[in-house]
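> One predicted model, sequence on top.
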Amino acid sequence: MDNYLDNLNESQREAVVHKDGPMIIIAGAGSGKTRVLTYRIAHLMNKGVDAFNILSLTFTNKAAREMKERIGTVVGTSEAKNLWMGTFHSVFARILRSEGHHLGFPSNFTIYDSQDSVRLITSIIKEMGLDKDVYKAKQILGRISSFKNSLITVKAYYNNPELMEADKMAQRPKIGEIYQQYVDRCFKSGSMDFDDLLLRTNQLLTQFPAVLAKYQDRFKYILVDEYQDTNHSQYLIVRALADRFQNICVVGDDSQSIYAFRGANIQNILNFQKNYDNVKIFKLEQNYRSSNNIVEAANSVIEKNKTKLDKEVWTDNSDGEKIKVMRTINEIKEGRFVADSIFENKMNNQLQNSDFAILYRTNSQSRAIEDALREKNIEYVIFGGLSFYQRKEIKDTLSYLRLLINPNDEEALKRVINYPLRGIGASTVDKLSVAANHYKKSIFEIICNLNKTDINLNAGVRTKLNNFATMIQHFKIEAETKDAYEVADFVVKQTRLVKDLEKDGTPEGVSRVENIQELLNAIKNFTVEQKEKGEDASLAFFLEDAALASDLDKASKDDTPKVSLLTIHLSKGLEFPYVYIVGLEENLFPSAMSMNTRSELEEERRLFYVALTRAEKQAYLCHAQMRYRWGKLVDCEPSRFLEEIDEKYLEHLTLKVAETKQNKFINEDIFGSVPQNKIRFKKPIQRAPIKKKASPKMEFQAPKNLKKVTGKPSASANLFDSNVAVGNRVEHTKFGRGEVLSLEGTGPNQKAEIRFASVGVKKLLLQFAKLKII
Ligand code: ATP
Ligand code: MG
């Protein structure tokens, strides 16, 4: 056991060892809030509190895993495993699996992600004959989500004239009906969306006192990280559970409240003292994360906000370098500057890719950065955006898997009932939907009982539907005895998902096949890991993991160091030695959509504060003079946040370089790529982290735009003829190093079978695989 109390300063230690009762730790970024929470749990366990009696709610599951690991070093890993720790959604999904039956939900309920919800709402709008341009599915979902997060049920909605009036004024009087339909349909298909996980938990705890008592009794100690971003629904859950023992410890920073748009309520932290008696307040002031320049610069910005608690943040760390500000002509040059700068910093300071993060306001900004990083062969990982699990082929495959776990899952069923094509058209599905509504059954139940309904379908269609149902039931039986990977592999083969895509032969088809294979790899990894740990390796468990894991969590499973690309929202709680914040331009950051009121603008400023305080050693602030937005080239002004930072903490790279070099093409030279031979190494380097570029002949670059490439051999086919030979050691941008086992085909169709250390044997089309001989 290590002497954990020695790793804390005095105020931190006080908070860690404080006896029972409600307590709140309010402190600025990087002051050790999460560290205190972690150590406090370890300390409680050390003093004899049973891990099963501690509930700890974190912002990401990744954070929970890291905290568990750390606690494990103090109290032993097997004990730490028993902690209830995770995000609100994952912890309460777990509770709902065992208690949801009180509310009429099966234990294997499906969790709908936002795309499933949008599809369902789209079909409800269509069935109700409403104008889809007035009733925009995504907006309606947003409205329903805000109702749920404020615990406004359908009934409560109809009892609230103000809400109804507002919807009438917005020309959308039917929102109540859509909400009703949506709730009914989710219920009938045994599904919950993300907001339901909280809403239904609240219902469970308020309507079933015995259930509440059980969990109040279990969770004698409750700890919540990032409390400033809890919404009303989460707030009520915590309050109900903590009511009995009042051993509630929350930590947070009002200056980092950035989720108001999703219903987070900054008042939860501001009002904590009013909600509990005898609250003990702790303040932490010393920042351990960042250089003094970064801490002071961040303070100078957040000072401009009017709504905030008084807090001091200071650091003993050295001043460090000034924050670098870089202006480029456009977003392409911005991307290149970042890539070059990362490359240079890596070389000069012998760093790894994982020491760098690039933060942006909106997901779409990642593309230009990605292009530049790829050009420089810098490995990166994107959190969020259109992630792997959002891609069509992955969703199709997952839908089959979901369906065999829960055949009543309507969204999954609609997705695959006619994919791959099996002659069950949209009108048949519509009829089934109507019948399902009429008989108050799920579509799958209707299909299994066609003869008992008056549904009007011809014999051919009936046979097809029977075949489909038989197939799903067959899968279900297989799932009872097989592990997640065996089932998934079986389903992919039986459904011809891959075969059909292979036949298609286009580059898109190829990449889809690779994606499905990648999904199978992920399921395989999951199965092996779970079995090694002696834990549940069933498909149901994998699906839960896949639905709940945020993109952030997924990425953590791959160990090779990568530059992190993420939105600022996702960066909360994280830290990186080098941070690049890009797109610091008016209308982008602050966002054009969040400048109408002071409170919106203050939230943007808090977002900037979060971004800046992620940096440990060095922060770069980048902005472009022009940028493509919504398909148009627009002029951009520097963000007001740049001006709000006290000048003394800044160094303007543009001016400095331009003045010293006086080069009228300076933008091209400096903002474009820095030729590698111009980079000076400060220290001799033993082993360069990046391989020197192989000669062009040896390298197979993917065509810039896959969509324009057809599968047919073309005049340029020879370009793809490779000199990769069996036995060569190669490096792939994604899979890392491997050995070529065999080759087949020629020209653009040439494929290689390669054994990678990271993912095992893979067959790759050389035309698209970025291979380098090493
Ligand atoms: P955020 O507001 O961004 O969530 P935080 O307040 O939760 O930040 P932590 O992430 O807990 O801060 O700590 C910031 C960094 O400082 C971490 O790397 C942590 O390990 C380190 N740290 C915190 N306290 C100490 C200490 N007493 N001694 C040394 N390092 C510390
Ligand atoms: Mg933290």
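Received, thanks. Ligands and ions are numbered 1, 2, ... in the order given.

> In this protein, what helix or strand scores lowest on average pLDDT?
Each helix and strand of the chain was given a mean pLDDT (mean pLDDT, DSSP states H and E); the minimum falls on helix 666 at a mean of 33.

> contact partners of the following helix or strand past it?
Downstream of helix 666, the next assigned helix or strand under DSSP states H and E is strand 729-732. Defining contact as C-beta atoms under 8 Å, 6 or more residues apart in numbering, one finds that strand 729-732 is touched by 691, 724, 737-740, 754, 756, 764, 769-774. From N, CA and C alone the C-beta is placed, and that goes for glycine too.

> Then stretch 572-581?
So stretch 572-581 is contacted by 30, 34, 59-60, 63, 225-226, 229, 256, 258, 289, 338, 341-342, 345, 351, 355-360, 564, 568, 608, 610-612, 614-622 (C-beta under 8 Å, 6+ apart).

> Next: stretch 119-136.
Stretch 119-136 has contacts (C-beta under 8 Å, 6+ apart) with 112, 137, 140-141, 144, 171-172, 174-175, 177-178, 181-182, 185-186, 410-411, 414-415, 433.

> per-residue confidence at whichever residue of the stretch 301-450 of the chain sits closest to ligand 2?
Residue of the stretch 301-450 of the chain nearest ligand 2, by C-beta to the ion: V313 (13.4 Å). Predicted confidence (pLDDT) for V313: 93.

> Please list the residues of the stretch 251-400 of the chain that sit near ligand 1.
Residues of the stretch 251-400 of the chain lying close to ligand 1 (C-beta under 6 Å from any ligand atom) are 253, 256, 288-289.

> nope, the chain is what I meant
Those residues of the chain that sit near ligand 1, judged by C-beta under 6 Å from any ligand atom, are 7-9, 12, 27, 29-35, 253, 256, 288-289, 573, 575.

> hmm, back to that, widest-spaced pair of the residues of the stretch 251-400 of the chain next to ligand 1?
Q256 and Y288 (16.3 Å; C-beta to C-beta).

> ok, the two, which is more surrounded?
Q256 (22 against 16; other C-beta atoms under 10 Å).

> ok, that one - contacts?
29, 226, 228-229, 572, 606, 609-610, 613.

> what about the stretch 451-600 of the chain, any weak spots by pLDDT?
Where the stretch 451-600 of the chain drops to pLDDT under 70, the residues are 505-508, 511, 545-559.

> which residues of it fall in helices?
Remark: helices assigned in the stretch 451-600 of the chain by DSSP state H, counting those that start in this stretch are 459-481, 484-494, 497-504, 507-532, 539-548, 551-555, 598-612.

> Please enumerate the helices of the stretch 251-400 of the chain.
With DSSP H, counting those that start in this stretch as the criterion, the stretch 251-400 of the chain has helices at 267-270, 272-275, 292-302, 331-349, 366-375, 392-405.

> taking the ones you listed together, which one is wrapped up most tightly?
helix 292-302 (a mean of 24; mean count of other C-beta atoms under 10 Å).

> what helices or strands is that one leaning on?
For helix 292-302, the packing partners by 3 or more C-beta pairs under 8 Å, 6 or more residues apart in numbering; DSSP states H and E come out as strand 314-315, strand 323-328, helix 598-612, strand 615-624, helix 640-644.

> Now do that helix against helix 598-612, angle only.
Put simply, helix 292-302 runs at 170 degrees to helix 598-612, going by axes from the mean of the first three to the mean of the last three C-alpha atoms, to 10 degrees.

> Could you check which residue of the stretch 601-750 of the chain lies nearest ligand 1?
Going by C-beta to the nearest ligand atom, ligand 1 is nearest to T613 of the stretch 601-750 of the chain, at 6.0 Å.

> coming back round to it: include mean neighbour count and distance to S364 when you put the helices of the stretch 451-600 of the chain into JSON lines, please.
Putting the helices of the stretch 451-600 of the chain into JSON lines (neighbours: other C-beta atoms under 10 Å; distance: least, C-beta to C-beta, whole Å) gives the following:
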{"stretch": "helix 459-481", "mean neighbour count": "15", "distance to S364": "38"}
{"stretch": "helix 484-494", "mean neighbour count": "19", "distance to S364": "32"}
{"stretch": "helix 497-504", "mean neighbour count": "16", "distance to S364": "27"}
{"stretch": "helix 507-532", "mean neighbour count": "18", "distance to S364": "20"}
{"stretch": "helix 539-548", "mean neighbour count": "21", "distance to S364": "24"}
{"stretch": "helix 551-555", "mean neighbour count": "20", "distance to S364": "15"}
{"stretch": "helix 598-612", "mean neighbour count": "22", "distance to S364": "17"}
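
> No further questions, thank you.
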